[in-house]
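Q: Model the following, please.
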Amino acid sequence: MNNSRLLQNGQRIHLVDKKGRQYALTLKAGENFQYSGETIPHDELIGKPDGSVVTLSRGKRMLVLLPTLGEYVLKMPRGAQVIYPKDLAMITIWADIYPGARVFEAGTGSGALTMALLRAVGEGGSVVSYEAREDFAKTALKNIERYLGPVPNLTARRQDAADGIEPEEEAGGFDRVVLDLPEPWRVIPHAVRALRSGGLYLSYVPTIPQVMQTVEALERAAVFGLIETFETLLRTWNIKGRSVRPDHRMVAHSGFITVARKVEPGLLRTGAAEAEAEPGDDSDAQGQEEENAA
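A: Residues are numbered from 1 along each chain as shown. All right, here's what the predicted structure looks like:
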């Protein structure tokens, strides 16, 4: 039984040469793809199985593939800078985006993070996404629909989240709040009201001064605990027989991820000061002893 997916008119696909370079195009019946003086009709690609090898007019052979989400976001049209796949992966895990979750996002940007959230929440979940800029919002919606098709569980608003979150959208509380904004601290007071107890907050910013202001705002809110900040560095390796070495180039710093949990105050650090230790609480010392013993 052949379980291959067949390429269809209107789909976004990638052609890949023998060096692994990818070229994106949207299949349109009657049109031609051109590359370095060679061509191939889209009609010859439509109906081919995903992963097929095709031959251009002068003999150049290329793979034709349906792109993964990570491949797609790196080649799609963009207004705002997209979040790299390495960070999209970390965000969906650290924000614990699960099937059925109700997620608030700001801003939509070019739609890369929105697509990752939509795939993670599935048909039973929902994403409400705010974007202040009209041009970014239009580009994002085109990118999202080109890759995912119609998305009835996405509510996209042309709105600045720093001005507030619509009351009807807050109703019941969001499970997760995910922010890709230059000033996420301006949204934190609204996130306090919109996020359910036990819900997770996550923001993504490129610089440490932005992280500092974000963490200060989370602490001032006095309802967030388990606050952590980290970055992810990705280095690929070259494996060819006995020649094994790290690649000379890597995807290093791209942004800082800050996560926090909305909790009842009184036990965890939820403000600028540490809660007083209960009498006889020597858990820190015990933990250090266990670490030393290990």
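
Q: What segments of this protein are helices?
A: 42-45, 69-75, 85-94, 112-121, 134-148, 167-170, 188-194, 208-221, 283-293 (DSSP state H).

Q: Centre of the chain to the fifth one, how far?
A: Yep, that's helix 134-148 we're talking about. 15 Å (CA atoms, centre = their mean, to the nearest Å).

Q: angle of it against helix 112-121?
A: 40 degrees (axes from the mean of the first three to the mean of the last three CA atoms, to 10 degrees).

Q: circling back to that earlier point, taking the helices of the chain together, which one is wrapped up most tightly?
A: Among the helices of the chain, the stretch with the highest mean neighbour count (mean count of other CB atoms under 10 Å) is helix 112-121, at a mean of 24. Any C-beta I mention is one placed from the backbone N, CA and C, and that applies to glycine too.

Q: Give me the distance between residue 255 and residue 136.
A: Using CB to CB, to the nearest Å, we find residue 255 at a distance of 17 Å from residue 136.

Q: Then residue 196?
A: 28 Å.

Q: for residue 64, same thing?
A: From residue 64 to residue 136 the distance is 30 Å (CB to CB).

Q: swap in residue 224?
A: On the measure of CB to CB, residue 224 and residue 136 end up 28 Å apart.

Q: go on, residue 84?
A: In terms of CB to CB, residue 84 sits 18 Å off from residue 136.

Q: same check, this time on residue 27
A: The value you get for residue 27 to residue 136, if CB to CB is used, is 26 Å.

Q: And for residue 54?
A: Distance from residue 54 to residue 136, by CB to CB: 35 Å.

Q: same thing with residue 247?
A: 32 Å.

Q: helices or strands next to the strand ranked longest in the chain in the packing?
A: Longest among the strand segments of the chain by residue count, using DSSP state E, is strand 195-205. Judged by 3 or more CB pairs under 8 Å, 6 or more residues apart in numbering; DSSP states H and E, strand 195-205 is in contact with helix 85-94, strand 174-179, helix 208-221, strand 256-262.

Q: if you set the cut-off to 10 Å instead, what comes out?
A: helix 85-94, strand 102-106, strand 174-179, helix 188-194, helix 208-221, strand 224-230, strand 256-262 (3 or more CB pairs under 10 Å, 6 or more residues apart in numbering; DSSP states H and E).
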